[in-house]
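Peer 1: Prediction below, plus the sequence it came from.
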Amino acid sequence: MATKLKQVMRVLMVLIRSNRANLRVVFKGGLLMLLSTQTTPAVYTVAAAGRWCSKVSKKNIKKEAVDTLSSFVSLCDCPYPEELCKFSDNFGPLRFAYSFQVDQEGQEWEIERFLQIFSLVHAQITVILKVRNKEHTHQQVFSVKSTHSVLGHAVAMDSTAFGQTPFSVRSLPSCSRVHPVLGETLPLLLPSEAVEAGLCGEVSINTMAVLGPCMKLYPNWPTRISRICISFTLQREFLEMVEFTVGDDHIEDPKPECSRAVSQEVKLEQCHPVEQTLTIFLFIQLNDPFNSQLSDLITNEETLEKYLDKVLQYNGEKMRSVLRCLLENTLKEFLKRKKSSETFQSAMSVILSCVNSIVIGSSNAAFRSSCLKSMKVQNTHELAKSMQQTLQRVINGRYTSRSGCTAQKTEEEAVSGQNNAETCEEGLPGKRAHRDKEQSPLISKRQCPDTTAGDSKASTSGLWENLPSPMTAMFCEGPGEEMCLEATSSGLPCNTEKKNQEVEREWLQELKNLTEWD
Amino acid sequence: MHKQFSDVDTVRAELLQNLVDDGETVTNLGSITRLEVVSRIEEVTKKIISSLSMEEAPVLTLKSRSRWSNVRFSKLVGLLLTMGGTVSTLRSDCPSTVMKFALILKALSAIYKLVQSDSYVTKRDIYYNDPQLFGSQKTLDTIVDDISCLLKVPRRSLHVCASTKGLISGDLCYLEEDGTRVDCTSTVVPVSSSVSGIINIVSSAKFVLVIEKDATFQRLVDDEFCINFYPCIIITGKGVPDVNSRLMVKKLWETLHIPVFALMDADPHGIEIMCIYKYGSISMAFEAPTLTVSSMLWLGLLPSDIESLGLPQDALIPLTVADERKLNNIKKRPYMSFHPAWEKEMELMLRWKQKAEIESLVSIAPHFLTRVYLHNKLSYGGWI
C-alpha cells in the first residue's frame, strides 16, 4: 500500500486522538479515500467528516496538519471537488480534507484490504473508497451493522464476518449477539533497543477475543474452529490482521454423521460441523504525556510500530500468560463440549462392554433371545455390533445437558412447572431436545432479535454518546468475564434484560393459558 | 448381682412385649435368592437394550436417597423408603450423568458374575479392577448402594462385601459362615464381614452396649467391664457405623432379645450416630428393616448428666453454630415426636450451649465411667 497514504492516515488519527477529551467515547462519521488515477502523478484525497473528527477542524490544528503533511507529501487541490461535496452532504462539514500527489501508486487491492480491516476496529465510521478516472468511477463502502465498543474502539461484530452457518442458510433462528471476552490489560516493558531508538512513554496492551458464530442456541451442534485471526491495533490505527487456517485434525468435535441429538434440534440432510472463527484483538496503547507536538507523536508511534515485534518478544512470558488466560475464558464452552465428547466416548465403551458381558454371560435362554429379538439380530456378535451403532447414533453429538440461552432455561422451567410428577431428572428429559427445536423460533424472537440497520444506527449512536465510560458500563464484571451483548441494537444491557424479562413473563402467561386449555 | 439387673430385666420384658404387640409388617429385603438378583439384573439390561432398539437413549431411574420427602417413619423399623417419591434419572445421553450410568453398569456386570458364580469380593476388589474408571473408592461405595436400591435387594445379596471396621467383645460366642468358632469373651474381635452367615450364637449377656467411639470401647475392654462388672456385649462402629456393625447389632437383638443401650458423646454427632443405629439413615432407608434396632435406648452420656454429675467447666466444649444447626435439624425429624425425653435433652444442650465427650468423665475420676457412671445407670435405669 502507498506509504504516503498510510502516513496521511496516521496524521489524521493522531490529530483526532490528541484533540479528543474522552478517548473512550466513540463517535460516528465518515472517511473518504478518493483515488484520482487519470492525472500523472495520481492524486489521492483523504477526507473525514462527522463527530468522530470534529476537533480537527480548528484553525491552529489545521495549520499544524498542513505543516506536518507538507513535510512528506506535495499537497494539491482535489481534482473532483464535487465528490467532496457529495461526501459532505452525507456526513456533514469536512473536518479534514487533503489531496496529495503520489508518484508510486499503491495497488488498489492493497488499499481496499487496508480500509476493510481499518473498518473492523473503526466500525462506527462509514469508510468509502472511490477510484475515479476519465472512463469510470468505482466505489466501495465499508460499513458494518454490528459493533461492540471496547477501549474507545468500535469493533465490528457482524455475524457475516463469521461466515454462514447452517442455521442462517436455512433461515433458522440463530444468535446474532456477540460474546466478546475481555482479557487483562498488560503494561509492557520497553527493550533497551527501542528506548535507544527514541521510543518513550508507557506502552500497554489490552486483549479481547471473540468466538463466532454464537452456538448457544444449538449447544449440541458439532463445531470446529477453522480460522484464527489476530488483529493488531496500535493506538487507534489498525496495523495488521494475521490469519491462520486450522487443519481438519485440530480442534474439532467428532463429526456426528447421523447424530440423533443434532437431528432433533434441526433436521438437515447433512450435519456438517459449523466452522467457527476465533478472533483475538490486541489493542496496543502508547501514552506519552511529555510529547504534545504532532511530529513527535507521529515519530514515537512509528518507532513503536517498528519495534513492536521486539517489544512483544521482550514481554513474551507475560503476553503468553495473558493470552492463555484469555483463550481459556473464550474457549470455555468449546472445551467443555470437547470434554463432554470425550466423556461420552469413554462411557460408551464401558456401557457396551458391560451390557454385552451380561448378555453373553447369561444362562437364561429366554433373556438372551429376548435381547436378540429386541435388536433384531441373530447372535450376540451381531448384537454387540448393532448396539454399538445404535448407541453411537443416540448419544453422539450430545455435548451439553443444559441449553445455553436464558430463554431456553426459562422455557424448561416453565414446562417442568407444568409437570405434576415429582421427577428430578439428572439429565435431559427424553423429549426435551425435540421440544427445544420446536420452540426455538420463539426463543429467537425473545433473545436474539433481528434489528434493522436503521434502528441499530440510532440506538448505537445514542448509547455511545451517552455512556461516560463504556469500560465501566459494559465490563463492570472485570477482566475475563464473558459478556453477552446484543450486537447492533445493544441498548443498555439492563434495558435489554428488562425487556427480555417482560417478554418472558408474557410468554410464561401464554404457556399457562395453553395448559389451562389442555 | 440379681438386684443389679432388675431394671435391665424389666426393660427387656417390656421390649419383648412390644415385639408381640406391634403388628406392623414391613417388607424385608433379606430373603432374596441369587436367582432373583440375577433376574433383576437381567431385567435392567433388557430395558437398556429395549430402549436402544427404539433408538432411544437408555436411562436408569434411581430413587433419590438424600431426600427426607422420600422416607416415611415406622415406629417399629425406623426410616423407610416410600413407594413413590422423587427419583433421579440417569440418562446415557447427558454428559453429566453418562459416566455414572456407565459406572453403574460396570458394577452391575461385575455383580452379575459374582452372583452367578456364588462368589464374594470386597468393594475394594471391584475398585482395584479399574481404579482409573471409578476414580475413588467413595464413588464405588455410592454406586453399590445405588444398585442395591435399584434392584431392591440388600447389599449383601449383591455378593459385594464391605471391609469391616467395627469391633466387638464380651459374653458372646458364635460360628462364622465358614465354620470358624469365634469367642469374644476375653478378646476384641472385628465384626464379621458376613454377619448374615453367623450361626450358633451363644451368650448369657444381659444387654448389648453400643459405643460410639473406639477409645471408649478400648477403655471398657481394658477395665474388663464385660468380665468384672456385667455379663454383656460391647460393640463399636468407630464413629458413623458401617453396614456390618449395624447388621451385627441387629443380629444380636434379633437373636438374643436383650436390651441394646447406646453410649454416645453428649453432642449432636453422638445423637446422630445413635439415630442411625436406632432408626437408620435416609441414604440406606431402602435397607432399614435389616439394619435398624428401633428398641435401642439412650444410656449416656445424656446432656442432663453434665449438670447432675457436676462435670467441671473445663471438661466441656462450647456448642458451635454448626452443632446448633445440626441439633435443630435432628429435632425436626419424624421420630423425635416419639421421644419427648430426647427432645428435652437436646433442649438442655441448646440452652447451655455446651457439649461433652464421654472421655470428660475421666476429669471426675480415672475409672469413673466403668465403676460409677455405667454402674449407676444400669442399676437404676438411667436410660431414656
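Peer 2: Structure's in. What do you need? Residues are numbered from 1 along each chain as shown, chains lettered A, B, ... in the order given.

Peer 1: Helix, strand, or coil at A:Val155?
Peer 2: strand (DSSP: H, G, I helix; E, B strand; the rest coil).

Peer 1: list the contacts for it?
Peer 2: Taking Cβ atoms under 8 Å, 6 or more residues apart in numbering or on different chains, we find A:Val155 in contact with A:120-121, A:123, A:147-149, A:180, A:208, A:281. From N, CA and C alone the C-beta is placed, and that goes for glycine too.

Peer 1: Low-confidence ranges, the stretch 151-300 of chain B, go.
Peer 2: For the stretch 151-300 of chain B, no stretch has pLDDT under 70.

Peer 1: Quick check: the residue in it that chain A sits nearest to vs B:Glu36, distance?
Peer 2: Nearest residue of the stretch 151-300 of chain B to chain A: B:Leu151, at 13.0 Å (Cβ to the nearest Cβ). Distance, B:Leu151 to B:Glu36, by Cβ to Cβ, to the nearest Å: 9 Å.

Peer 1: Which of these two has more residues huddled nearby?
Peer 2: Counted by other Cβ atoms under 10 Å in any protein chain shown, B:Leu151 and B:Glu36 do not tie: B:Leu151 has more neighbours, with 22 against 15.

Peer 1: Excluding covalently adjacent residues, which one is nearest to that one?
Peer 2: B:Arg40 (4.4 Å; Cβ to Cβ, 6 or more residues apart in numbering or on different chains).

Peer 1: Same question for A:Leu15.
Peer 2: Excluding the flanking residues, the one nearest A:Leu15 by Cβ to Cβ, 6+ apart is A:Val56, at 5.0 Å.

Peer 1: All the helices of chain B, in order from the start?
Peer 2: Assigned by DSSP state H, the helices in chain B fall at B:6-21, B:34-53, B:98-117, B:123-129, B:131-134, B:137-151, B:214-222, B:243-256, B:268-279, B:288-291, B:303-308, B:321-331, B:340-352, B:374-380.

Peer 1: How far does the fifth one sit from its chain's centre?
Peer 2: From the chain centre to the centre of helix B:131-134 is a distance of 28 Å (Cα atoms, centre = their mean, to the nearest Å).

Peer 1: Equivalent analysis for the first one, please.
Peer 2: Helix B:6-21 has its C-alpha centroid displaced from the chain centroid by 22 Å (Cα atoms, centre = their mean).

Peer 1: domain ranges for chain B?
Peer 2: Here the domain parsing of chain B from automatic domain parsing is B:8-161, B:167-380.

Peer 1: of all the ones you listed, which lies closest to A:Thr185?
Peer 2: Nearest to A:Thr185, of all the domains of chain B, is domain B:8-161, at 35.2 Å by Cβ to Cβ.

Peer 1: tell me how far the ends of the closest one are from each other?
Peer 2: End-to-end distance of domain B:8-161 (Cα to Cα, to the nearest Å): 35 Å.

Peer 1: Any figure for the gap between B:Val37 and chain A?
Peer 2: 13 Å (Cβ to the nearest Cβ, to the nearest Å).

Peer 1: On the pLDDT front, check that residue for me.
Peer 2: Per-residue pLDDT puts B:Val37 at 92.

Peer 1: Surely the residue of the stretch 151-300 of chain B closest to chain A touches B:Glu42?
Peer 2: No: B:Leu151 lies out of contact with B:Glu42 (Cβ atoms under 8 Å); the separation is 10.7 Å.

Peer 1: count of neighbours near B:Ser360?
Peer 2: Counted with other Cβ under 10 Å, B:Ser360 comes out at 23.

Peer 1: ok, it - contacts?
Peer 2: B:301, B:311, B:315-316.

Peer 1: same check, this time on B:Lys331
Peer 2: Counting by Cβ under 8 Å, 6+ apart, B:Lys331 makes contact with B:343, B:346.

Peer 1: what's the spacing between it and B:Val240?
Peer 2: 20 Å.

Peer 1: now swap in A:Thr185 and tell me
Peer 2: Separation of A:Thr185 from B:Val240 (Cβ to Cβ): 51 Å.

Peer 1: B:Glu359 now?
Peer 2: For B:Glu359 relative to B:Val240 (Cβ to Cβ), the value is 19 Å.

Peer 1: Ok, B:Phe134 next?
Peer 2: Relative to B:Val240, B:Phe134 is positioned 22 Å away (Cβ to Cβ).

Peer 1: got any ranges where the stretch 1-150 of chain B has weak pLDDT?
Peer 2: Residues of the stretch 1-150 of chain B that meet the cut-off, pLDDT under 70, sit at B:1-5, B:19-31.

Peer 1: my bad, the stretch 51-200 of chain A
Peer 2: For the stretch 51-200 of chain A, the ranges with pLDDT under 70 are A:105-106, A:145-146, A:150-152, A:157-171, A:176-178.

Peer 1: one more time with 80, if that's ok
Peer 2: Scanning the stretch 51-200 of chain A for pLDDT under 80 picks out A:54-62, A:64, A:103-108, A:113, A:116-117, A:119-121, A:123, A:133-135, A:143-178.

Peer 1: Return the residues of it in contact with chain B.
Peer 2: Within the stretch 51-200 of chain A, no position lies close to chain B (Cβ under 8 Å from any Cβ of the partner chain).
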